[in-house]
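1. From the sequence below, what's the structure:
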Amino acid sequence: MLQQGTILNGTYRLIEEIGSGGGGIVYKAYHERLKTYVVVKQIKDRVKGILDSRGEADILKNIKHARLPRIYDFLEADGEIFTVMDYIPGVSLQQALEERGRFPQRQVLGWARQLADALSYLHSQKPPIIHSDIKPANIMLTPEGDICLIDFNVSLVFDADMRTSVGISGGYSPPEQYQDLGSYSSRLYSNASETPVLTETLALGQEDTLSAPVCGDQEGTVNDAPAASTLQLVTPFIGRGVDERSDIYSLGAALYHLLTGVKPSLDFGRIRPVSDSGVRLSEGFSFILNKMMALDPKDRYQNGRELLDAFNHIYELDSEYRGFKRRELLGGLSVLAVFVGGALLAASGWMLMGRERTASYNRNVALAEEQILSDDFSSAERTLSEAFSLLPHRIEAYETELLRLYSMGDYEAAVRYGQDIINNPAYVLETAEDELLLGDVYYLLGNAYFEQEDYRNAISCFSLAVEKNRNNSLYFRDYAIALAKTGSLSEAEHALEAALELGLGEDSVYIVQGELAFAEGRYEEAFEYLEQAVRAASDDNLKYRAVLLCARACQQMGDAWLDQEIALLEEERRSLSLPASMHIDEQLADAYVRKAESAPDQAQAYYGKALEIFNSLYAQGYSTRQMAENIAILYQQTGDLAAAEAGLLKMTEDFPNDYRAYKRLAFLEADKQQRKENRERDYGQMKAYYDKAKELYEASGQAADTEMNMLDSMMEELREGNWL
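-> Numbering: from 1, shown residues only. Below you'll find the predicted structure:
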């Protein structure tokens, strides 16, 4: 083991050990020349001595793909060979599974396409690069929400026959990767009552993945030992060695785990199709997954390119589409068949229509979810409209439409829609999965209330979500946060405990602890927890909440923390997707304004920064009345009175019944006149703006406005001074 601070090859300074396994030790290091973090990893003994004599090292160093870490170097230290590659921040999908249990198709499908693209790239190299250890622990979810496939098997590049592998990951490795499946499973467990003990070499730096599953049936335990029938089933493929098709199987097994929350059984004969697991999945995705996990390699997609092509044409695999193509080919023969078959085919025809309608419905819901994930909300609305027309009694489309409204950031519309589908249900709950989806409805509605700071109603919805599904740690997490917001700290602690028992991830733990500390007025402690939540967060919504609350904690601690608030917001503003990033920008602009007010010598610079952000937001469509007013105020603060006036006059057109534009124009006119000599002043225009503001203000029934009171006093002084 190398010591912390050791500098390898005069370039790589070791920071800390971040993993170890049968293949060696993995370190986080700092690249002194490039000023970036990297991973330094030991590789297998059998590679030693051939790096200098073969060209494969250059092949690996030339890998450049957005979904793969870049390999910088191979080097020797203390008689060991190491690779140096990108350090990928984020969390592994194994960690994400431990927090979430499983993921919906819309997320997994997006990840699957990215991973298939990575495999297509690796398999197209000459010679092909085989990963050989694809599993959730080797798939990183970056802070930007993208996927990166790490830990591909370096030693395979040096094995011309593609026969060997660094190790085996039970449940994810295909039959051909085992030399002796029966012997492997018998060595895997010391006895039937003990925890599984890994005896085979694992992928470099990775931990044992043969432990009990996150949720669901206890697959991966001793009861998974292959039955005699399974051994007979897979014996023809055992020991063949790995190739591109082995990666296809392993990726399919990883996707299976992500979708179901259950790791595939070591007993290949007991692996249930996803369609039999109660998970909502489109026909196309189900078809691809079954083909990926075929026991016979020749029945799988043969390489990453074929797999990527399948994902790019996934909806053509649905029965409705295939049925349409068959009818198109049959042409006039199908018309003749109707006359010949007559009434004999009528009943079966109706059954077929029912199946096709269901398939089309599932396809539309899955497509809408993918469109939402891609922020294509208009297309998702049209797709869901088609789904509703097909099967209006199914709940899936209603839940997905609520997700669409929430994802758009239209929380008011989400609340209205959510309340309507709960109070006036047009759907029928038929299965246990339907009940879980109703839990999702309550959860989404609770979050919509939360975003509007209606914490009482949020608590009510989260409570109902928990009743529907007591196995979802995120339900308990947000329930705890909402309770903390209302000062119900004891109940919040209980909800947090329940979430922890379900394996709540560290980022979620930090944010709940931060909320609790904030609610109790321990702002500095809250800041520390929330800053850790920001750094650890893998979910955009969670990170967004942590950033905003962290900023609020800074505000509570006064101007001494203002620079820290600004630094945090500046760092995180580009790490989030819309609409969250726009809200962070708005918060940052507000912080710039407060900085300008607290530091007069820097006021113009910070007002200018705030103005730049507000103008950018307005141009992006964030054109609220408050935003327009903020822009006008900042123009006035920076001395550009003409731009301020133009903006406020535009406000009177956009919001003709709102008194605040005229109120602000009256103040602006007062400012303009104050800059003139006494003999040149004319307050007639100010009075006109004031009169209009007063008329609209009194008609609005608005609560007391101190600025209107100030205007009243100013106008009275002008009258008394004979300025009017």
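2. what's the spacing between stretch 658-667 and its chain's center?
-> 42 Å (C-alpha atoms, centre = their mean, to the nearest Å).
3. My error: substitute stretch 497-508 in the last question.
-> That offset, for stretch 497-508, works out to 18 Å (C-alpha atoms, centre = their mean).
4. Equivalent analysis for stretch 665-683, please.
-> Distance of stretch 665-683 from its chain centroid, counting by C-alpha atoms, centre = their mean, is 53 Å.
5. before we move on, what about stretch 251-260?
-> The answer for stretch 251-260 is 17 Å, by C-alpha atoms, centre = their mean.
6. One more: stretch 536-555?
-> Centroid separation for stretch 536-555 versus its chain: 15 Å, with C-alpha atoms, centre = their mean.
7. and what of stretch 575-592?
-> That offset, for stretch 575-592, works out to 18 Å (C-alpha atoms, centre = their mean).
8. Please apply the same query to stretch 593-603.
-> For stretch 593-603, the distance to the chain centre is 36 Å (C-alpha atoms, centre = their mean).
9. List the buried residues for that stretch?
-> 593, 594, 595, 596, 603 (16 or more other C-beta atoms under 10 Å). From N, CA and C alone the C-beta is placed, and that goes for glycine too.
10. Name the residues that touch the helix or strand harbouring residue 604?
-> Following DSSP states H and E, one finds residue 604 within helix 603-619. The contact list for helix 603-619, computed with C-beta atoms under 8 Å, 6 or more residues apart in numbering, reads 582, 585-586, 588-590, 592-593, 595-597, 599, 627-628, 630-631, 634-635, 637-638.
11. May I ask which two of the buried residues of stretch 593-603 are separated the most?
-> Greatest spatial distance among those (C-beta to C-beta): 594 and 603, at 11.0 Å.
12. Dump the C-alpha coordinates for the helix or strand where residue 385 lies into PDB.
-> Here residue 385 is covered by helix 377-390, with elements defined by DSSP H and E. The C-alpha coordinates for helix 377-390 follow below in PDB (Å, rounded to 0.1, in the frame of the first residue of the first chain):
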ATOM      1  CA  PHE A 377     -43.200  19.000 -22.300                       C
ATOM      2  CA  SER A 378     -45.300  19.900 -25.300                       C
ATOM      3  CA  SER A 379     -44.700  16.600 -27.000                       C
ATOM      4  CA  ALA A 380     -45.400  14.800 -23.700                       C
ATOM      5  CA  GLU A 381     -48.800  16.600 -23.400                       C
ATOM      6  CA  ARG A 382     -49.800  15.400 -26.900                       C
ATOM      7  CA  THR A 383     -48.600  11.900 -26.200                       C
ATOM      8  CA  LEU A 384     -50.500  11.600 -23.000                       C
ATOM      9  CA  SER A 385     -53.700  12.900 -24.700                       C
ATOM     10  CA  GLU A 386     -53.500   9.900 -27.000                       C
ATOM     11  CA  ALA A 387     -53.000   7.600 -24.000                       C
ATOM     12  CA  PHE A 388     -56.100   9.100 -22.200                       C
ATOM     13  CA  SER A 389     -58.200   8.500 -25.400                       C
ATOM     14  CA  LEU A 390     -57.100   4.800 -25.400                       C
END
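13. Look up how far residue 641 lies from the nearest residue to residue 644 once chain neighbours are set aside.
-> Closest residue in space to residue 644, ignoring its immediate chain neighbours: residue 635 at 3.7 Å, by C-beta to C-beta, 6 or more residues apart in numbering. According to C-beta to C-beta, to the nearest Å, residue 635 stands 7 Å off from residue 641.
14. Also residue 94?
-> 59 Å.
15. For the two, indicate the residue with more neighbours.
-> When residue 94 and residue 641 are compared for neighbours, residue 94 comes out ahead with 20 against 16, by other C-beta atoms under 10 Å.
16. which residues are in contact with the strand or helix carrying that one?
-> Assigned by DSSP H and E, residue 94 belongs to helix 93-100. Helix 93-100 is contacted from outside by 103, 111, 135-137, 139-141, 209, 214, 254, 257-258, 261, 472-474, 503-505, 508, 538, using C-beta under 8 Å, 6+ apart.
17. let's see it at 6 Å
-> 136, 137, 139, 141, 214, 503, 505 (C-beta atoms under 6 Å, 6 or more residues apart in numbering).
18. With stretch 662-676 instead?
-> 632, 636, 641, 644-645, 648, 681, 683, 685-686, 689-690, 692-693, 711.
19. for stretch 559-566, same thing?
-> Contacting residues not belonging to stretch 559-566 are listed as 551, 554, 591, 595, 598 [C-beta under 6 Å, 6+ apart].
20. could you pull out the helices for the stretch 551-700 of the chain?
-> Residue ranges of the helices in the stretch 551-700 of the chain, as given by DSSP state H, counting those that start in this stretch, are 562-572, 580-598, 603-619, 625-637, 641-654, 659-674, 684-700.
21. and if you look at the stretch 201-350 of the chain?
-> 228-234, 244-260, 283-292, 304-312, 319-330, 332-341, 346-373.
22. what's the least confident stretch among the ones you listed?
-> In terms of average pLDDT, helix 332-341 trails the rest of the helices of the stretch 201-350 of the chain, at a mean of 43.
23. So in this protein, where's the weakest helix or strand by average pLDDT?
-> Within the chain, confidence by mean pLDDT, DSSP states H and E is lowest for helix 332-341 among all helices and strands, at a mean of 43.
24. Tell me how the chain divides into domains.
-> 7-86, 91-317, 320-358 (automatic domain parsing).
25. Return the list of strands paired to the strand of greatest length in the chain, each annotated with direction.
-> Using DSSP state E, we find that the single longest strand of the chain is strand 12-21. Sheet pairing of strand 12-21 (DSSP bridges) gives strand 7-8 (antiparallel), strand 24-31 (antiparallel).
26. What are the contacting residues of that strand?
-> Looking at what lies outside strand 12-21 - C-beta under 6 Å, 6+ apart - the contacts are 2, 4, 6-7, 25-30, 40, 84, 202, 205-206.
27. how about low-confidence regions in the stretch 1-150 of the chain?
-> 1, 20-24, 44-59 (pLDDT under 70).
28. Could you rerun that using 80?
-> For the stretch 1-150 of the chain, the stretches with pLDDT under 80 are 1-3, 19-25, 34, 42-62, 76-80, 99-101, 104, 106, 143-145.
29. Could I get the full set of helices for it?
-> 56-61, 93-100, 105-123.
30. Would you tell me which of these gets closest to residue 379?
-> Nearest of the helices of the stretch 1-150 of the chain (C-beta to C-beta): helix 105-123, 13.4 Å.
31. what residues does stretch 360-377 touch?
-> 105-106, 109-110, 282, 315, 318, 320, 379-380, 383-384, 386-387, 390-391, 396-397, 400, 404, 407-408.
32. should've said stretch 625-634
-> 607, 610, 611, 614, 618, 644, 647, 648, 651, 655, 664.
33. Quick one: mean pLDDT over that stretch.
-> pLDDT averaged over stretch 625-634 gives 86.
34. and that stretch, which residues are buried?
-> Those would be 627, 628, 629, 630, 631, 632, 633, 634, for stretch 625-634 by 16+ other C-beta under 10 Å.
35. Same question for stretch 357-365.
-> Quick answer for stretch 357-365 (16+ other C-beta under 10 Å): 358, 359, 360, 361, 362, 363, 364, 365.
36. Now do the last one against residue 372, distance only.
-> It refers to residue 365. In terms of C-beta to C-beta, residue 365 sits 11 Å off from residue 372.
37. cool, and the third one?
-> Distance, residue 360 to residue 372, using C-beta to C-beta: 19 Å.
38. for the second one, same thing?
-> To residue 372, residue 359 is 21 Å away according to C-beta to C-beta.
39. still on that earlier bit, report the two of the contacts of helix 93-100 separated the most.
-> Using C-beta to C-beta, the contacts of helix 93-100 span at most 18.3 Å, a distance reached by 139 and 503.
40. Pick out whichever of those two has more residues nearby.
-> Between residue 139 and residue 503, residue 139 has the larger neighbour count (other C-beta under 10 Å), namely 26 against 15.
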